[in-house]
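Engineer: no sequence for this one, just the structure:
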């Protein structure tokens, strides 16, 4: 920037001697405008250097907290304790090796912290160890224990999903689809707890620690079982031709509650018409095994199995009440009813979505984050609410313009711990005393001093309509101080069950996307982050639209509408609109470039789906009545069907150990480009997953996205 300042000074010195002051004014205006853009710039590493808290737990008693924090790929356990809640680093993993930390447990007595290191817990198969650092030693998924007060972590065994016993002495965990156990202190070798055919999951200790409740998944059906000891056979609870899920103990350990759904199978039904997905709540007496139907979902689309965070959110709460979630009124609200039966009470009501729902240790209260509040823009934020388990009404705890998520009440009930973010600051650990309105940010101290918080712009909420009249929502990021027509970018999230927000996202993948959007703005781009139909936060019909996904991809209309809306803005150059997105967003980027290359001048397709024909109806045996129609729609919903009109430049990016979208999807479209002579650019990250586990790979991908868009659009 120094030469620019010198030129400005010289222009001012020569002002009176200039023949054409209009030319001088033009030059000065240009340089000042460029300075406004340059002054916003920062490096990609600076804006992605923030510490990201990915998982948190609290002890059953006292005020102890443990959480995983990712600092530029170095993932570690941090602990804190009230009243100060100062963060202390408990582990010392000092390499950017892509090994995830999950499954954090604090023993009820507060003495031990257990955690799992390894795997990709966002992948469809979470049992596969990943090696994003391309290490020469095969990685493992392993369970460790470490004293809360500090010390060297001790390996318990290979395994995942640990749950500590109520007496703090034992841990049960999963290994090779079976339940295993070991002492919490690692003093003895782990051993298999019991054998059960199928895949064992959802293991839980009874309140007195004498029994284990679990689910045995066996293909088209699943069973709920109870293990007592090695001498007693497993007790199967009301086995039926069904899928039994999500069991929970009663507070006294004498009964259980669980979800029952029909087993998969039967006569082939329509593949293209939406139909209800029924479910029911059952209770059972543990001693006799007798099960009773408590409640059945309405036989409507809205009454179908809920599919927001936590799904059923089934709990046995205080006062002998059963708590659950249902979409039956058009929003995924909380309900409760007596365990003996009766009409459910709708605990939350309104045009909002409770998320990250937790039950307090005493079973009397539910805490959640929700896109509601006193500000009309809160539908694209998250604030914390408190809900009694036995009566309607939600208390708003954190009003304002921030993003609050994943609330937990400490074991002693003194403090609420959660993650807090704003438009300028990524998520950090926050603490709110239970009887106070303000909260502190002990996690903020970990943010690097060179993080460019002051240079972050605040996005604004926008709304427009697709060509079929469906509403489309988004957040608009605009550079400061530049009045010329600017290039613009549409960002398309994945999922697709996600909602982008008016601030830093609570999910690591989308927190990184927010950083990319801010970086693009610093480079002079206008960015529109679009929330398209299939996403959450706007009600059932928006979340479950007709003719979407492989049945017509109606959600693409929202992406086209986003591009057209940007093109209509006075500050946007309509000829320089680009698009990028990952996963389902990558699929929609490919659809945009295939169907609307005249609108979208360039795009970055990150691990997107391109050919849905892998979901074509089975041609063997009895056919669904609309199998031929389904096959036709699947092809028309695939980007590969639209290659003929694809003329805009594209960058394909994919990691070849992707556990969510097969690397073959990108191979397929790249080969088609090669076979037809279409130009393209590509970036392959060997051994990397869908979630960019290695920080250096994250930065590499992020920089490639921006460099390509700059080169093609600026």
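Structural biologist: Here it is on my side, so go on. Values in this document were obtained by computation on a predicted structure and should not be read as measured data.
Engineer: When you work out contacts or count neighbours from here on, use the C-alpha atoms and nothing else.
Structural biologist: Fine.
Engineer: how about low-confidence regions in the stretch 1-150 of the chain?
Structural biologist: Along the stretch 1-150 of the chain, the model assigns pLDDT under 70 to residues 1-40.
Engineer: Can you show me the helices along it?
Structural biologist: Counting by DSSP state H, counting those that start in this stretch, one finds helices in the stretch 1-150 of the chain at the ranges 2-13, 21-38, 44-47.
Engineer: Check the offset of the longest strand seen in the chain from the chain's centre.
Structural biologist: The longest strand of the chain (DSSP state E) is strand 572-582. The chain centroid and the centroid of strand 572-582 are separated by 25 Å, computed with Cα atoms, centre = their mean, to the nearest Å.
Engineer: Which neighbouring elements make contact with that strand?
Structural biologist: Secondary structure elements in contact with strand 572-582, counted by 3 or more Cα pairs under 8 Å, 6 or more residues apart in numbering; DSSP states H and E, are strand 486-492, helix 556-567, helix 584-595, strand 602-606, helix 695-713.
Engineer: average model confidence for the helix or strand that the first one is followed by?
Structural biologist: Proceeding C-terminally, strand 486-492 gives way to helix 508-522 as the next helix or strand, assigned by DSSP states H and E. Here the mean pLDDT over helix 508-522 is 98, rounded to a whole number.
Engineer: mind putting the helices and strands packed on strand 572-582 in JSON lines, mean neighbour count included?
Structural biologist: Shown next, in JSON lines, are the helices and strands packed on strand 572-582 (neighbours: other Cα atoms under 10 Å):
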{"stretch": "strand 486-492", "mean neighbour count": "27"}
{"stretch": "helix 556-567", "mean neighbour count": "22"}
{"stretch": "helix 584-595", "mean neighbour count": "27"}
{"stretch": "strand 602-606", "mean neighbour count": "29"}
{"stretch": "helix 695-713", "mean neighbour count": "18"}
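Engineer: which stretch among those comes nearest residue 84?
Structural biologist: When the helices and strands packed on strand 572-582 are compared by Cα to Cα, helix 695-713 sits nearest residue 84, at 30.7 Å.
Engineer: Report the angle between the closest one and helix 508-522.
Structural biologist: Relative orientation of helix 695-713 versus helix 508-522 (axes from the mean of the first three to the mean of the last three Cα atoms, to 10 degrees): 40 degrees.
Engineer: Okay, angle between helix 695-713 and strand 602-606 too, please.
Structural biologist: Going by the same axes, to 10 degrees, helix 695-713 makes 160 degrees with strand 602-606.
Engineer: got a list of what the closest residue to residue 202 other than its chain neighbours touches?
Structural biologist: The shortest distance from residue 202 to any non-neighbouring residue, by Cα to Cα, 6 or more residues apart in numbering, is to residue 214 (5.2 Å). By Cα atoms under 8 Å, 6 or more residues apart in numbering, the contact list for residue 214 reads 200, 201, 202, 203, 204, 224, 225, 226, 247.
Engineer: Double-check that the second one belongs to a strand.
Structural biologist: It stands for residue 201. Yes: assessed with DSSP: H, G, I helix; E, B strand; the rest coil, residue 201 lies in a strand.
Engineer: which SSE is the closest residue to it other than its chain neighbours in?
Structural biologist: Counting by Cα to Cα, 6+ apart, the nearest residue to residue 201 once its immediate chain neighbours are dropped is residue 215, at 5.2 Å. Element membership for residue 215 (DSSP H and E) is strand 212-218.
Engineer: From the chain's centroid, how far away is that strand?
Structural biologist: Mean-position distance between strand 212-218 and its chain equals 26 Å (Cα atoms, centre = their mean).
Engineer: what's the following helix or strand after that strand?
Structural biologist: Next along from strand 212-218, by DSSP H and E: strand 221-227.
Engineer: Which elements pack onto the next helix or strand after that next one?
Structural biologist: Under the assignment DSSP H and E, the closest C-terminal helix or strand after strand 221-227 is strand 235-236. Contact here means 3+ Cα pairs under 8 Å, 6+ apart; on that basis strand 235-236 packs against strand 221-227.
Engineer: For the closest residue in space to residue 203 that isn't next to it in sequence, give its distance to residue 338.
Structural biologist: Distance criterion Cα to Cα, 6+ apart; nearest residue to residue 203, sequence neighbours excluded, is residue 214 at 4.4 Å. Here the distance between residue 214 and residue 338 works out to 24 Å (Cα to Cα, to the nearest Å).
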